[in-house]
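S.K.: Could you work out the structure for the sequence below:
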Amino acid sequence: MVGRRVGIVGAGFVGATAAYSLTMTGRCHEVVLYDINSDLAKGKAIDIGQSTSYSVRGTIVTAAEDAKDLKDCDIIVVTAGVPRKSDMTRADLLMINAKIMKDVVGNIMKYSPNAIIICVSNPLDIMTYVIHKMTGWNRNRIIGMAGALDGARMAYQINQKVGYGSGQTRAMLIGDHGQNMIPLPEISAVGGVPLDQIVTKEDMEDIIARTKDGGAEIVKYLGTSAYYAPGRAISVMVEAILDDSRIVMPSSVMLDGEYGYRDITVGVPVVLGANGVEKIIELELDEETKAKFKISVDSIQDGIDILKENDFFV
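M.R.: Have a look, this model is predicted:
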């Protein structure tokens, strides 16, 4: 267990829930919470730390007083960023969060140069691209957490529809983390039974629509974005890397010829293990899905182009 150190940048609801989930499973030796609001990080670290008496193992939970306290982490999860406000343009949001990411990444490179980075900050695919460009690291070490959450949301909608198979449902998606995500019901299953053998085409369309609206639905009721499902999705990815379990998980990764694209970060199925992305799995897509995937890629490229037009990468 010694040396299994996970840093979480951003101690808001998502970051703190990820930390709590990791302590409950006991998969890492130490979790370090870091936030620009140091009191927030301290308070949540104490609260989560006091819960570990009842967990599988006594995970150490600490708050970073300074970025240097993130040193020697095996994995760093980045949740930092600001949500879009009514008076913000898309370009405004992109530039603000990209600048935050530049500062965060600079600290990671300085204090944990061998870490694997899991990006959770939105807009996710674009921020994952920013991390790639800021670090210049091998692409297996930088992963965007999108499909783990969207897949869980799709699985939930499948279970709501069919009424059975909770815990046995596996859902696959590709594309961006947004309205252009592409659920793939033809390779999703309940207890190993293909989804298209269980539900009607109409039910499948409803499942897809509800999956895409999954985050907005929660905001409607809570007045804030989700954190339990994202937090658990993060911890599943962290555990897969620490345990070298080589699970298949859709994630936002840098493509280098796969699916016919290069220099773009987008969600595709990957194998997660000790080295981060152990393998990118290339699916055979029909023409309709290829067209949808292009729309998804183009939407991510539009955001990257905004950053380039504002000389962000100079």
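S.K.: Got the domain ranges for this protein?
M.R.: Domain segmentation of the chain under automatic domain parsing yields 5-144, 147-307.
S.K.: Dump the ones you listed to JSON lines, plus mean neighbour count.
M.R.: No exception for glycine: its C-beta is placed from N, CA and C like everyone else's. Formatted as JSON lines, these follow (neighbours: other C-beta atoms under 10 Å):
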{"stretch": "domain 5-144", "mean neighbour count": "20"}
{"stretch": "domain 147-307", "mean neighbour count": "18"}
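S.K.: Now render those as TSV, adding distance to residue 313.
M.R.: Written out in TSV, the entries for the domains of the chain read as follows (distance: least, C-beta to C-beta, whole Å):
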stretch	distance to residue 313
domain 5-144	6
domain 147-307	7
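S.K.: okay if I get the ones you listed as a markdown table plus distance to residue 314 and mean pLDDT?
M.R.: What follows is those, written out as a markdown table (distance: least, C-beta to C-beta, whole Å; pLDDT from 0 to 100):
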| stretch | distance to residue 314 | mean pLDDT |
| --- | --- | --- |
| domain 5-144 | 11 | 94 |
| domain 147-307 | 10 | 95 |
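S.K.: Show me the strands in the stretch 51-200 of the chain, by range?
M.R.: According to DSSP state E, counting those that start in this stretch, the stretch 51-200 of the chain carries its strands in the segments 60-63, 75-78, 116-119, 142-144, 169-170, 173-174, 182-183, 189-190, 193-194.
S.K.: would you list these in JSON lines and tack on distance to residue 162?
M.R.: Formatted as JSON lines, the entries for those read as follows, by distance: least, C-beta to C-beta, whole Å:
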{"stretch": "strand 60-63", "distance to residue 162": "38"}
{"stretch": "strand 75-78", "distance to residue 162": "33"}
{"stretch": "strand 116-119", "distance to residue 162": "31"}
{"stretch": "strand 142-144", "distance to residue 162": "30"}
{"stretch": "strand 169-170", "distance to residue 162": "9"}
{"stretch": "strand 173-174", "distance to residue 162": "18"}
{"stretch": "strand 182-183", "distance to residue 162": "15"}
{"stretch": "strand 189-190", "distance to residue 162": "6"}
{"stretch": "strand 193-194", "distance to residue 162": "10"}
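S.K.: mind checking which of those is nearest residue 310?
M.R.: Nearest to residue 310, of all the strands of the stretch 51-200 of the chain, is strand 116-119, at 20.1 Å by C-beta to C-beta.
S.K.: which outside residues touch the closest one?
M.R.: When contacts are defined by C-beta atoms under 8 Å, 6 or more residues apart in numbering, strand 116-119 is touched by residues 74-78, 105, 108, 127-128, 131, 135, 141-145, 234, 237-238, 241, 252, 275-276.
S.K.: Having no further points to raise, I will conclude here.
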